[in-house]
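[1] need a 3D model of the sequence below.
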Amino acid sequence: MFESLDATLLARLQFAFTVSFHFIFPSFTIGLASYLAVLEGLWLWTGRSVYLDLFKYWLKIFALSFGMGVVSGIVMSYQFGTNWSVFSDKAGPIVGPLMAYEVLTAFFLEAGFLGVMLFGMNRVGKTLHFVATLAVAVGTFISAFWILSANSWMQTPAGYTIAASGQFQPADWLAIIFNPSFPYRLVHTVFAAYLTTALVVGAVGAWHLLRERANEGARTMFSMAMGMITVVAPLQILAGDQHGLNTQEHQPVKIMAMEGHFKSYPDGAPFVVVAWPDQAEGKNLYAVEIPKASSLILKHSLDAPLKGLDTVDRKDWPPVAIVFWAFRIMVGLGTLMLLLGLVSLWARVRHRLYDWPLLHRFAIAMGPAGFVAVIAGWVTTEVGRQPFTVHGLLRTADSVSPLQAPAVAISLLAFIVVYFIVFGAGVLYILRLMSHSPHRGEEGPQRDQPVRAAGITPAPQVSEGGN
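    This next block holds a predicted model:
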């Protein structure tokens, strides 16, 4: 029944599914690790127990999310060998070391200190425990650094030579690591992670404020989350604008698809608000446009000319409709995040941050928005690079392993079933933890039960006043 399907398309769908599922967890844990470090730092600085209670509350959620992120990411490394062996052979001398650096620096750092962070608060003292929390937070950032460097090199390759065998060989590692799009993509992605975490924390705080307005933990987490959104949302818009200008310089075809520009505009291009891009006909259907706004955004001039897809060979067009709509979903949600930050700032100034149910419901509705936005941004980036795996140099059709469609289809279905059962159960348990109201004396995952279950006598606990 699968013989008529395209093996390359199925391999792409399989990798897209596993990456999308995996990306949900790092986009949350990168920001949550930093939030935990801030909470513990505030507790050590002020001595207020509410920060310790919130630290323990979110530490359990972080542990589950981190674990699911690690497990869901393991599968992708196997797919490089099973489904994308030609890409692995040709790009391996560059992408392989970058991935190895992530393991040697970030993963070892996270794994080395994660146990202390989760179970060591009453065993190693407050100062060393805070160092472990900081190490895990730094490790998540370093992990993002190397992964995004590898991905950015595939978008804007630099510092390489091509051997007679067709392999990409490193010529300048600094140029490879800090390739032209990497700084912009790193800032944009890290800001997205912080916003994703802030939206989740804010939604949980708002949920509990609607039920118990005087809950100190809910008030504190909601205030911190809204403050983060107020600051980071406008910075993210600025970072996205700079990233777009960089993409316009190095990947103009992607920008043409994002903007829905099938034709060139010699005297100012419109911004297509909504439309249905008809790739076969090379035009937009039912378009709503703002005249010359795209030229203003991309060139900072109303009359600046912009080239369209009519200047590009059709075989080099990405799937325009997917890129077009994914970009608009990301931008639309980013605009709502900015609105949430501004409304919460107004409520804070008017001393209504904790007693305005409409704001709280808005924050709850925006809780999943960060996850949707990062997936939409990833789709924009990756689908917009098509039909290449290494932009302009290695086509996707030439990167795939010699596969049979039935084998890929069956494994894809197996991934879908297993992922939704296993990780769906994990997400439901996380939501159950979030539904529990934060309270004084919150218990974290550093209790003695796992140690006693292993037959080990737990070490004596030190008091909160110890070091």
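[2] where does the protein dip in pLDDT?
    Scanning the chain for pLDDT under 70 picks out 1-4, 441-442, 444, 446-467.
[3] helices and strands around the helix ranked longest in it, which ones?
    The helix that spans the most residues within the chain, counting by DSSP state H, is helix 7-46. Counting contacts by 3 or more CB pairs under 8 Å, 6 or more residues apart in numbering; DSSP states H and E, helix 7-46 is packed against helix 49-82, helix 126-155, helix 182-211, helix 369-385, helix 405-435. For every residue, glycine as well, the C-beta is placed using N, CA and C.
[4] in its sheet, which strands sit next to the helix or strand following the shortest one, and in what direction?
    Spelled out, it's helix 369-385. Using DSSP states H and E, the next helix or strand after helix 369-385 towards the C-terminus is strand 388-390. Counting by DSSP bridges, the strands paired with strand 388-390 are strand 394-395 (antiparallel).
[5] re earlier: now do the buried residues in the longest helix of the chain.
    By neighbour count with 16 or more other CB atoms under 10 Å, helix 7-46 contains the buried residues 7-8, 10-15, 18-40, 42-43.
[6] now do Ala233: how many residues are near it, please.
    23 (other CB atoms under 10 Å).
[7] next, the angle helix 369-385 makes with the one helix or strand it maps to.
    For Ala233, the element it lies in under DSSP H and E is helix 216-250. Calculated by axes from the mean of the first three to the mean of the last three CA atoms, to 10 degrees, helix 216-250 forms an angle of 10 degrees with helix 369-385.
[8] elements contacting helix 216-250?
    Using 3+ CB pairs under 8 Å, 6+ apart, helix 216-250 sits against helix 49-82, helix 182-211, helix 252-259, helix 293-299, helix 320-349, helix 357-365.
[9] so how far is the last one off the chain centroid?
    Here the centre of helix 357-365 is set off from its chain's centre by 23 Å, with CA atoms, centre = their mean, to the nearest Å.
[10] list the helices and strands that helix packs on?
    Using 3+ CB pairs under 8 Å, 6+ apart, helix 357-365 sits against helix 182-211, helix 216-250, helix 320-349.
[11] with respect to burial, which of these scores highest?
    Stretch with highest mean neighbour count among the helices and strands packed on helix 357-365: helix 182-211 (a mean of 23; mean count of other CB atoms under 10 Å).
[12] that one relative to helix 357-365, how many degrees between them?
    Helix 182-211 and helix 357-365 are oriented at 130 degrees to each other (the same axes, to 10 degrees).
[13] so what secondary structure elements neighbour helix 182-211?
    Using 3+ CB pairs under 8 Å, 6+ apart: helix 182-211 touches helix 7-46, helix 126-155, helix 216-250, helix 320-349, helix 357-365, helix 369-385, helix 405-435.
[14] just to revisit the earlier point, which one of the helices and strands packed on helix 7-46 lies nearest to Ile229?
    Nearest of the helices and strands packed on helix 7-46 to Ile229, taken as CB to CB: helix 182-211 at 4.9 Å.
[15] between the closest one and helix 320-349, how many degrees?
    Using the same axes, to 10 degrees: helix 182-211 against helix 320-349 is 50 degrees.
[16] related to what we said a few turns ago, dump the helices and strands packed on helix 357-365 to JSON lines, plus distance to Gly377.
    Shown next, in JSON lines, are these (distance: least, CB to CB, whole Å):
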{"stretch": "helix 182-211", "distance to Gly377": "7"}
{"stretch": "helix 216-250", "distance to Gly377": "9"}
{"stretch": "helix 320-349", "distance to Gly377": "5"}
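[17] ok, which of the ones you listed comes nearest Val124?
    helix 216-250 (25.0 Å).
[18] and that closest one, how far out from the chain's middle?
    Distance of helix 216-250 from the chain centroid (CA atoms, centre = their mean) equals 13 Å.
[19] relative to Leu413, which of the helices and strands packed on helix 216-250 is closest?
    Closest of these to Leu413 is helix 49-82, at 14.2 Å (criterion: CB to CB).
[20] give me the buried positions along that closest one.
    Applying 16+ other CB under 10 Å to helix 49-82 flags 50-66, 68-70, 72-73, 75, 79-80, 82 as buried.
[21] what's downstream of it, the next helix or strand?
    Using DSSP H and E, the helix or strand that follows helix 49-82 in sequence is helix 85-101.
[22] what angle do the helix or strand just after that following helix and helix 7-46 make?
    Going down the chain from helix 85-101, the next helix or strand is helix 108-119, by DSSP H and E. Going by the same axes, to 10 degrees, helix 108-119 is angled at 50 degrees with respect to helix 7-46.
[23] for Ala397, give me its contacts.
    Thr8, Pro387 (CB atoms under 8 Å, 6 or more residues apart in numbering).
[24] Asp310 now?
    By CB under 8 Å, 6+ apart, the contact set of Asp310 is Phe262, Lys263, Ser264, Gly282.
[25] with Thr18 instead?
    By CB under 8 Å, 6+ apart, the contact list for Thr18 reads Ser72, Val75, Met76, Gln79, Phe415, Tyr419.
[26] and those, which is closest to Ala163?
    Using CB to CB, the contacts of Thr18 come closest to Ala163 at Gln79, 24.6 Å.
[27] go ahead and confirm the closest one touches Gln14.
    Yes - counting by CB atoms under 8 Å, Gln79 touches Gln14, with 6.8 Å between them.
[28] the residue nearest to Lys299 when sequence neighbours are not counted bridge partners, please.
    Nearest non-adjacent residue to Lys299, counting by CB to CB, 6 or more residues apart in numbering: Leu306, 7.1 Å away. Per DSSP bridges, the residues bridged to Leu306 are Tyr265.
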